[in-house]
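>>> The amino acid sequence is not available; the structure is as follows:
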């Protein structure tokens, strides 16, 4: 908690109350308090500096970790990466974790794998106007097709990178084939319809 105190304004944040929150969450979710405090530190470091927001996000991460049998630190890292990519507030943590559970059940993946991989593609997805639901659905579908979670995310990252900054060769080929190869098309069609459009034209 001394380390946590270096990240917050102690003139406005009651460290005793924050320590009590850490102890309470540790009891509720069966975590060692030192691990919960480290996860809180990571949460605040990731940009959720308000004590109430950090506690809310931490609680959501602990639920995700327990429900998905995942490491707490990995869960915090995954959630904060996704939420920062899409500019989501702490009170939306439950919605994000619910979507991750749906993706886990729909594909051949785990919460731990999703948490450790999605942060590599969500910044690009957000920039391209691809919703988190579409990225999760695509990841699940690719894992069902035989790719590992990390491979699926790498493949999606490659597709989105190509759309955001296409090479001159890709742009010319897309024009020749009648493919709308830009972020505007992805945003207007949605990822699934856009991929179907590319497949049909090519």
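Yep, that arrived. Model, not experiment: these values are computed from the prediction.
>>> where exactly do the helices run in the chain?
For the chain, applying DSSP state H gives helices covering 2-5, 15-29, 33-45, 51-67, 72-85, 93-106, 111-117, 122-127, 132-144, 149-164, 168-177, 183-189, 191-201.
>>> tilt between the last one and helix 132-144?
So the one you mean is helix 191-201. 60 degrees (axes from the mean of the first three to the mean of the last three CA atoms, to 10 degrees).
>>> coming back round to it: kindly reformat the helices of the chain as TSV containing mean pLDDT and mean neighbour count.
To be clear about C-beta, it is placed using only N, CA and C from the backbone, and glycine gets the same treatment. Shown next, in TSV, are the helices of the chain (pLDDT from 0 to 100; neighbours: other CB atoms under 10 Å):
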stretch	mean pLDDT	mean neighbour count
helix 2-5	93	14
helix 15-29	95	15
helix 33-45	96	20
helix 51-67	94	22
helix 72-85	95	23
helix 93-106	96	18
helix 111-117	96	24
helix 122-127	94	19
helix 132-144	95	20
helix 149-164	94	18
helix 168-177	89	12
helix 183-189	88	16
helix 191-201	87	15
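>>> Skip the chain neighbours and tell me the closest residue to the residue nearest in space to the middle of the chain.
For the chain, the residue nearest the mean C-alpha position is residue 82 (2.6 Å; CA atoms, centre = their mean). Using CB to CB, 6 or more residues apart in numbering and skipping residues adjacent in sequence, the residue nearest residue 82 is residue 122, 5.2 Å away.
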